[in-house]
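Participant: Quick one, fold the following:
(one chain, ligands or ions: 2)
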Amino acid sequence: MPMFKLICFDLDGTLVDSVPDLAAAVNCMLSDFDRAHFSEDEVRGWVGNGAQVLVQRALSGSVNIADDIDPALFNDALASFLKHYSANVYTHSVLYPNVKETLTALRDAGFKLAIVTNKPMVQTTPVLELAGISEFFEVVLGGDSLPEKKPNPLPLLHCLDHYQFKAEDALMVGDSKNDIIAAQAANFTSFGLTYGYNYGIPISDSNPDFVADDISELLAAVKLK
Ligand SMILES: O=C(O)COP(=O)(O)O
Ligand SMILES: [Mg+2]
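Facilitator: Ligands and ions are numbered 1, 2, ... in the order given. Predicted coordinates:
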C-alpha cells in the first residue's frame with residue numbers, strides 16, 4: 001500500500017518551464033507603456049505569487065513592489081499582460097524532463113493527482129492542455145479559484161476536503177517556498193524541486209521533507225521504486 005493517496009502539484013517551475021512566455025508577455029506589456037524591458041533571468045525572480053504580483057513587480061522593476069504604483073496604470077498593465085500572455089501561453093514553454101513519464105507512473109499506480117497553482121485559471125487550463133498533461137488531474141485550482149492562494153494552505157485543504165482524505169495521505173510537490181509553506185501549514189508532506197523559480201533562494205532553505213533535482217525522484221519518495 002502506498003503511504004500517500006493524493007499528490008498535489010505546483011505548475012510553473014515544477015511541471016512547466018513557463019518563464020520564456022511569461023517574460024515575453026511582461027516585455028510586451030512594458031512596450032505598451034513605453035517602459036524598458038527586463039531579462040528572462042530578472043523575470044524568473046518575480047514569478048511565484050500570481051499574475052497581479054508579477055505585473056506589480058514588473059512595474060516596480062524589482063521583486064519588492066513599489067508603494068506608489070498608480071492604480072489605473074496597474075489595471076491597464078494587468079489587462080495588457082493577460083492579453084499578451086493568453087495569446088502565447090505555451091509558445092516557448094516546455095515540460096521539464098521526465099514530467100509526463102512520472103505523472104503516468106503515478107496515475108497508473110492509483111494516486112489522485114491535483115494541480116494547485118497561483119497562476120490564474122484562464123491560463124492554467126490552456127497551459128495544461130497545450131502541454132498535453134490535463135488528462136492527469138481531476139482537481140485543478142488556480143490562484144483565483146479560492147479566496148486565498150499559496151502560501152496560504154486553503155487550496156491544499158480544499159483538495160483534502162474534495163477527496164475526504166487526511167493530511168497524512170497527501171504530498172505537495174513544488175519549486176517555491178510558497179508551495180512548501182502552504183504544505184507545512186496544511187500538514188502535508190512536502191517535496192521541493194531545485195530547478196524551478198524560488199526568488200534565487202535554494203528550496204532547501206524552506207526545509208521540505210524531500211529535496212530533488214529531478215521529478216522522477218518522486219517515484220522513490222512514494223515507494224514506487
Ligand atoms: O504564476 C505564478 O505566479 C506561479 O505559479 P505556480 O504557483 O504554478 O508556481
Ligand atoms: Mg512554482
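
Participant: count of neighbours near Phe33?
Facilitator: Phe33 has 12 neighbours, counted by other C-beta atoms under 10 Å. Placement of C-beta: from N, CA and C, glycine included.

Participant: check contacts around it.
Facilitator: Leu73, Asp76, Ala77, Ser80 (C-beta atoms under 8 Å, 6 or more residues apart in numbering).

Participant: Recalculate using a threshold of 10 Å.
Facilitator: By C-beta atoms under 10 Å, 6 or more residues apart in numbering, the residues touching Phe33 are Ala58, Leu59, Leu73, Asp76, Ala77, Ser80.

Participant: And it, how far from ligand 1?
Facilitator: 21 Å (C-beta to the nearest ligand atom, to the nearest Å).

Participant: from this protein, which residue is nearest to ligand 2?
Facilitator: The minimum distance from the chain to ligand 2, using C-beta to the ion, falls at Gly13 (3.7 Å).

Participant: So what does that residue look like in phi/psi?
Facilitator: phi 80, psi -10 (degrees, to the nearest 10).

Participant: same thing with Ala23?
Facilitator: According to degrees, to the nearest 10, Ala23 has phi -70, psi -40.

Participant: That one - nearest residue in space that isn't next to it in sequence?
Facilitator: Val43 (3.9 Å; C-beta to C-beta, 6 or more residues apart in numbering).

Participant: show me what contacts that neighbour?
Facilitator: Val43 touches 19-20, 22-27, 37, 54, 57-58, 197, counting by C-beta under 10 Å, 6+ apart.

Participant: repeat that with 7 Å
Facilitator: Val19, Leu22, Ala23, Val26 (C-beta atoms under 7 Å, 6 or more residues apart in numbering).

Participant: Point out the ones among the residues you listed that are inside helices.
Facilitator: Val19, Leu22, Ala23, Val26 (DSSP state H).
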